[in-house]
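Colleague: Return atomic coordinates for the entry below.
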Amino acid sequence: MRVLGIDPGSRITGFGVIEVLRNGRLQYVASGCVRTGKGELGERLRTVHDGVAEVVETYRPTALAIERVFLARNADSALKLGQARGAALVAAAREGLSIAEYTALQIKRAVVGKGHAEKNQVQHMVKALLELSGTPQADAADALACAICHAHHSVGLASFARGVTRRSGRGLRIGA
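Modeller: Predicted coordinates for the structure are as follows:
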């Protein structure tokens with residue numbers, strides 16, 4: 001499975017691509033940022049869409065993992081973030097990718113072990129988990145963390161589904 005993680009933004013949208021190997025290990029493929037500049041909102045959204053579409057075409061992921069929008073203090077910022085997120089979702093949906101959404105707390109918990117981790121902690125753990133030689137830029141690290149979260153979630157569900165074979169009187173029996 002190849003997962004594209006997206007950290008949406010109306011100015012900078014981070015992306016990260018990882019491969020989930022058969023043994024469950026994660027392998028770094030690519031990461032970076034789609035930078036939109038300071039143009040009109042419509043033009044920036046087109047840039048996000050086109051940038052994500054190019055990443056999908058180049059790396060051929062099978063799944064997209066994206067951060068859910070949270071309600072920010074500034075409603076205008078939250079709306080712009082939601083629109084950038086929508087542009088990225090459309091680019092992925094047009095290519096038939098399966099789409100999964102995770103909250104920031106879920107992503108941080110999956111990567112760092114606690115939901116209220118700092119950005120530098122996420123960057124450090126992404127670097128360690130993917131055995132990178134350098135620390136990825138913050139938006140790219142957040143996108144890679146989103147992809148890692150999806151990989152852990154998907155591999156965990158697949159392992160659970162393979163291991164559950166029948167019910168006993170006291171709940172599920174694993175591997176029986």
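
Colleague: hey, let's count contacts and neighbours off CA atoms from now on
Modeller: OK.

Colleague: tell me which residues of stretch 43-57 are tucked away?
Modeller: 44-45, 47-53, 55-56 (16 or more other CA atoms under 10 Å).

Colleague: my bad, stretch 58-78
Modeller: 61-69, 78.

Colleague: For residue 124, state which of these is nearest.
Modeller: Nearest to residue 124 out of the buried residues of stretch 58-78 is residue 67 (CA to CA; 19.1 Å).

Colleague: Check what pLDDT residue 176 gets.
Modeller: On the pLDDT scale, residue 176 is placed at 35.

Colleague: can you check residue 166 too?
Modeller: Reported pLDDT for residue 166: 36.

Colleague: Check residue 108 too.
Modeller: 95.

Colleague: Please flag which of the buried residues of stretch 58-78 sit within strands.
Modeller: Members of the buried residues of stretch 58-78 lying in strands (criterion: DSSP state E): 63-67.

Colleague: Could you identify the least confident member of the buried residues of stretch 58-78?
Modeller: residue 69 (77).

Colleague: What residues does that one make contact with?
Modeller: 78, 81-82, 103 (CA atoms under 8 Å, 6 or more residues apart in numbering).

Colleague: can you check residue 103 too?
Modeller: 67-70.

Colleague: likewise residue 98?
Modeller: So residue 98 contacts 62-64 (CA under 8 Å, 6+ apart).

Colleague: now it, which residues is it bridged with?
Modeller: For residue 98, the beta-bridge partners are residue 63 (DSSP bridges).

Colleague: Redo the contacts of residue 98 as a markdown table? Include distance to residue 5.
Modeller: Below are the contacts of residue 98 laid out as a markdown table (distance: CA to CA, whole Å):
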| residue | distance to residue 5 |
| --- | --- |
| 62 | 11 |
| 63 | 9 |
| 64 | 6 |
